[in-house]
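Visitor: this one's structure only:
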């Protein structure tokens, strides 16, 4: 929509008529706001159900069922589990965000046909007259028609913490809030033309969080995918054409080789580990929109924190009062108490004073000059209940109040406090009596300096210290004054707070000098929304993993482009929509828990990934050997189920949920493959040897030979489990013993042998199997030592 041209003809007292509203609705000039950039239910379900690995496993399961052996298709259950976990988590996050949007949706007090009516934001139309009251949110861009001491907080848009005075004819922006005064505005822009919406629209495209762990696993799945077709053709042709097996048996043997290659359990376990972390974080009042987001925060090496509403609460508090020249502190406190409690139109300053001076005042106001951002001072005349004069008092900015006495030691004192980031006001006395008509400042005498400061979130210093202790570089980027930002950083315990940088002096965003300044700097003030995004991108270009915290529309672009966006639930809907993590209580204290959960997932998945990939390695080797030499495949799909359950899946589940708060190291893939490849080779060679040697006895057919092949594969895989579980504690020792016992039960009990197709075979074959298992142990240890050596040198 275009700017309104109706300023001159719109009556601020009457607003639009019903006919004029209908005319604008018909023209489409309504304040319809685009939805936040979240995925639809259909997109969530589709992306989780039709994942590449689900399609591969689904096709293999369908082939086995078509071959008449549904029992061998048990591995297909992973598709359902993997899809359900991802869908449920994302739908849960979407539901919470949608409910937050409904709860926090602002209302507008519009003037229609001379009456003030409450409307939803989307019900406003172009040229509507909207009433502005203290505490109300501006819901559309517009122009002030009338106003009395009107002041707006634009921190969510610009990061500037100080209120901005507005007079008739001044523009106002959607997303700002009225903090003082009253007035009426004309809506000049609606819908997508509003400033806040335009800013949010730049970040509307939904993108999945970049997860290195998920990328590595997907890379493994891709490698397996490239191998499946040629290996599958080799296996099928060798079984059907060269061994002359029936088509059903050929399919089952081929699928047995291929399904072992697919690390479907690793994908499922990663989803489970993330989902458990999400549930745990929900108890910490942290909403995770995407499962891998908890991993990314654990990898972050730079944390960019907004100031207003993130490190601070966005409100002021009284820091101190310094009497001048021995003035009576009791009188000063009584005056400040009266100024705070008797102001009919309190602003941020009087609100801060009111929080400190809570004892009810007995003074009366006989005259008042309201505070104005233009004048930067306000005053009141007081009397007692029986009419005894208590004097007239002025509170305001020293440079505006002390027009004649602002010099020497007093000025130096004010500048000293200001350099520390304090907001300095002066309380002054005057012999003049104020009336409601007064606007000129009378001659005054300074009485005290009043110091105000931003209220720090109680948990912000400890959380920022936690990240610094973990080797994460913390940078504060804010739209507020850089000196003020530096003072907040000092109180938050951030180093180099005094080396604050005014972002208006930075080089061009595309220059090398800009990137150098961002790399080397810590505290930045006067930063625009587009500069925040450029800062994030500059850090990422230097190889950093960047997290960004924020709550305002001015943070949306940076949140969107960061590796991990963290939004406050009390902030704007746009920030909640693009962030991967939402702090439901708007507190920092949940963030260390997110890091711990991410570390648990990454480190534990690395621990167990070698179990899954060892199966991939030995399945590939067995498939190639079987296909090249036209041998019978030594395992059936049902055998892979028992191997997967007791040597990989069940123990990996418990190992993945153990606490693990070690710092995340780079080199996930080399370390995992370094452990998995040697183990896979040992298992494949031992399995194929026992399978081939057993069949040298003419009394042992391939079905009976498979019994000892499963025994060897499972036993060596259990030894690999023992190696992965070290160092043992009570849980891990009990876990390994339990898996060994359950695996043995499948061979000992008749029911187990029948279900898993493990017929009894010759005693000498079991002896051979035992000998091969014993011989495999030193080879496993040798492979493990090589992997550990590579880890040290990586």
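Guide: Yep, that arrived. Here the structure is a predicted model, which is why all the values come from computation and not from measurement.

Visitor: All the strands of the stretch 101-250 of the chain, residue numbers only.
Guide: Ranges of strands in the stretch 101-250 of the chain, per DSSP state E, counting those that start in this stretch, are 107-112, 115-120, 129-132, 142-153, 164-165, 171-172, 177-187.

Visitor: scratch that, the stretch 451-600 of the chain
Guide: 473-477, 501-502, 523-525, 546-550, 564-568, 581-583.

Visitor: quick one on the thing from earlier: figure out which of the strands of the stretch 101-250 of the chain is closest to residue 229.
Guide: Of all these, strand 115-120 sits nearest to residue 229, with 55.8 Å by Cβ to Cβ. (Glycine included, C-beta is placed from N, CA and C.)

Visitor: which residue sits closest to residue 353 in space, ignoring its chain neighbours?
Guide: residue 340 (3.6 Å; Cβ to Cβ, 6 or more residues apart in numbering).

Visitor: where does residue 390 land in three-state SS?
Guide: Recorded secondary structure, residue 390: strand (DSSP: H, G, I helix; E, B strand; the rest coil).

Visitor: quick one: pLDDT of it?
Guide: For residue 390, the pLDDT comes out at 95.

Visitor: Same check on the one 4 residues further on?
Guide: pLDDT, the model's per-residue confidence, is 95 for residue 394.

Visitor: where's it relative to residue 662, distance?
Guide: Residue 394 is 60 Å from residue 662, where distance means Cβ to Cβ, to the nearest Å.

Visitor: neighbour count winner among these two?
Guide: Per other Cβ atoms under 10 Å, whichever of residue 394 and residue 662 has more neighbours is residue 394, with 28 against 9.

Visitor: thinking that one is in contact with residue 377, fair?
Guide: Yes. The pair residue 394 / residue 377 is scored as a contact, 5.6 Å apart, by Cβ atoms under 8 Å.

Visitor: coming back round to it: what residues are up against the residue nearest to residue 353?
Guide: 346, 350, 351, 353, 354, 356, 357 (Cβ atoms under 8 Å, 6 or more residues apart in numbering).

Visitor: same thing but 7 Å
Guide: By Cβ atoms under 7 Å, 6 or more residues apart in numbering, the contact list for residue 340 reads 350, 353, 354, 357.

Visitor: Could you measure from the last one over to residue 468?
Guide: Using Cβ to Cβ, residue 357 is found at 36 Å from residue 468.

Visitor: Looking at the two, which one has more neighbours?
Guide: A side-by-side neighbour count of residue 357 and residue 468, using other Cβ under 10 Å, places residue 357 first with 19 against 15.

Visitor: For the nearest residue to that one once chain neighbours are set aside, give me the pLDDT.
Guide: Excluding the flanking residues, the one nearest residue 357 by Cβ to Cβ, 6+ apart is residue 337, at 3.7 Å. The model reports residue 337 with a pLDDT of 96.

Visitor: cool, and the one 5 residues further on?
Guide: According to the predicted model, the pLDDT of residue 342 comes to 94.

Visitor: from memory it sits against residue 367, does it?
Guide: No. Using Cβ atoms under 7 Å, residue 342 is not in contact with residue 367; the gap is 11.5 Å.

Visitor: Name the residues contacting each of the two.
Guide: residue 380.

Visitor: Quick check: residue 371 vs residue 390, distance?
Guide: 19 Å.

Visitor: More neighbours: those two, which one.
Guide: Set side by side, residue 371 and residue 390 show more neighbours around residue 371, with 27 against 17, by other Cβ under 10 Å.

Visitor: Can you tell me how far that one is from residue 344?
Guide: Residue 371 is 11 Å from residue 344, by Cβ to Cβ.

Visitor: give the contact list for residue 700.
Guide: The contact partners of residue 700, taken as Cβ under 7 Å, 6+ apart, are 694, 761, 762, 765.

Visitor: Validate this expectation: it resides in a strand.
Guide: No. Counting by three-state DSSP, residue 700 is not found in a strand; it is coil.

Visitor: Just give the closest residue to it, not the sequence neighbours.
Guide: In space, residue 700 comes closest to residue 694 once its chain neighbours are excluded; the distance is 5.1 Å by Cβ to Cβ, 6+ apart.

Visitor: Please apply the same query to residue 487.
Guide: Nearest one to residue 487, counting by Cβ to Cβ, 6+ apart, is residue 421 at 1.6 Å.
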